[in-house]
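**Student:** The sequence and its predicted three-dimensional model are supplied below.
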Amino acid sequence: MITGYSPRNLQGQDPFLAVLQNDAVPVRDRTSAIPQPLAPVIDRALIDNPEIYYKSAAEFKQTLFNSLS
């Protein structure tokens with residue numbers, strides 16, 4: 001939603017399979033408008049293989065705040 005593009009490449013694939021089989025595209029590959037300190041936080045939030053990186057919304061929120069300060 002931040003970039004206006006899906007975080008995965010979905011061209012010609014079933015969207016569910018694309019999410020399960022492909023890694024997310026780094027956010028700065030989609031747009032350079034995302035500030036550099038924020039980009040790695042967003043990229044880690046999109047990690048879901050082998051497991052979700054941020055275990056809670058509170059952890060993600062705190063990391064977002066820390067990246068901007």
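**Tutor:** Yes, it's here. Residues are numbered from 1 along each chain as shown.

**Student:** check which helix or strand covers the residue of the chain most remote from its centre.
**Tutor:** Residue farthest from the centre of the chain, counting by C-alpha atoms, centre = their mean, is G12 at 21.1 Å. Counting by DSSP states H and E, there is no helix or strand that carries G12.

**Student:** How about the one 4 residues further on?
**Tutor:** Under DSSP H and E, the secondary-structure element containing F16 is helix 15-21.

**Student:** what does that helix contact?
**Tutor:** R8, N9, L10 (C-beta atoms under 8 Å, 6 or more residues apart in numbering). Using the backbone N, CA and C atoms, a C-beta is placed for each residue, glycine as well.

**Student:** Inside strands: which ones of those residues?
**Tutor:** Assigned to strands by DSSP state E, none of the contacts of helix 15-21 qualify.

**Student:** Narrow these to those that are buried.
**Tutor:** For the contacts of helix 15-21, a neighbour count by 16 or more other C-beta atoms under 10 Å gives the buried set as R8.

**Student:** Kindly provide the whole-number mean pLDDT of stretch 36-50.
**Tutor:** Stretch 36-50 carries an average pLDDT of 89.

**Student:** Mind listing what's buried along that stretch?
**Tutor:** L38, A39, V41, I42, D43, A45.

**Student:** hang on, the first one packs against F65?
**Tutor:** Right, the one you point to is L38. No - here L38 does not reach F65: they are 10.7 Å apart, not a contact under C-beta atoms under 8 Å.
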